[in-house]
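Asker: model the following, please.
(one chain, ligands or ions: 1)
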Amino acid sequence: MKLMKHTRIASIALAMAAVGSLATAQSEGRYKQDVKPVPASASAMKPIQKSATSVDLVLPVQGLTEENVSEVKGSLEKLSVNLYECSGCKSEFAKPGDCPACKKELTDSKQMLFSSVTTAADNGTIALASKPGMQVKLSEIERTLATHAVRIDRDKMTIPGKATLVVSGATTADQAKSIQSALDEAKLFQRAHAQAEENRTLIHVNASTTAPERAKVDRALTKAGPSFKITDVIWNDWTA
Ligand SMILES: [Zn+2]
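Answerer: Numbers count the residues shown, from 1 in each chain. Below is the predicted model:
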């Protein structure tokens, strides 16, 4: 009898603990329930890591003409991102919700990506300077250019500064290791670190004063694995 009573109390306590943790989970993240499991680092509400650095790029392009040059410039100048700021601690987040520290609702603010866009149709280049700390994705620039039938000349393009290369086709630690050795051997960057994720590999790179040509980086990747391809280059990566 005494034993039964103890068991019953224990199971009630267990049930209460379960209810308690469910309530906590619900109040902590209202978007958590209907999304599929993602690594904890990606799902947690974390402020973005905004550096004070501006991204300066000079991109060699094809298809830039006297006719489309001003429209191309206009489209790039209009690129913006929505960030969510806490009025209390001034932290910025990539997603809406409440500040995990101050519990205040975040306010939406539209921020422009570039402080200057210089287009030169005669020598086929576009020079971009980001606002300090803004994350710049090559894929987004390419999408914008594509709407004007302009594309980046990947044979002439370089990868300057500190960036994250997103590589598809490589998903295991062994594949990341072979990318790492191919890059170490090619000595293209001052520093390069390859890390496999669930469906891609990220390479955090730091270019020397002379930025390496993308074509050479592509070749090193192909050497590591014929299906390994750069799908994006991210400067001022907010998650790095
Ligand atoms: Zn806050």
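
Asker: what about I48, distance to S91?
Answerer: 8 Å (Cβ to Cβ, to the nearest Å). Every residue, glycine included, has its C-beta placed from N, CA and C.

Asker: assumed K177 was part of a helix.
Answerer: Yes - checked against DSSP: H, G, I helix; E, B strand; the rest coil, K177 lies within a helix.

Asker: residues near it, how many?
Answerer: The local packing of K177 (other Cβ atoms under 10 Å) involves 14 other residues.

Asker: same question for the one 3 residues further on.
Answerer: For Q180, the tally of surrounding residues (other Cβ under 10 Å) stands at 17.

Asker: next: K73.
Answerer: 16.

Asker: hang on, it in a helix?
Answerer: Yes - looking at K73 with three-state DSSP, it is inside a helix.

Asker: quick one: contacts for the nearest residue to K110 once chain neighbours are set aside?
Answerer: Once flanking residues are discounted, K110 sits nearest to S80: 5.2 Å by Cβ to Cβ, 6 or more residues apart in numbering. Applying Cβ atoms under 8 Å, 6 or more residues apart in numbering to S80 gives the contacts 110-113.

Asker: what's the strand or helix carrying K110 in contact with?
Answerer: Assigned by DSSP states H and E, K110 falls within strand 107-112. Outside strand 107-112, the residues within contact range by Cβ under 8 Å, 6+ apart are 77, 79-87, 96, 131, 134.

Asker: how about stretch 140-150?
Answerer: Counting by Cβ under 8 Å, 6+ apart, 59, 61-64, 68, 71-72, 75-76, 79, 126, 128, 151-152 sit against stretch 140-150.

Asker: for this structure, what lies in contact range of the ion?
Answerer: 86, 88-89, 99, 101-102 (Cβ under 5 Å from the ion).

Asker: cool, thanks, signing off.
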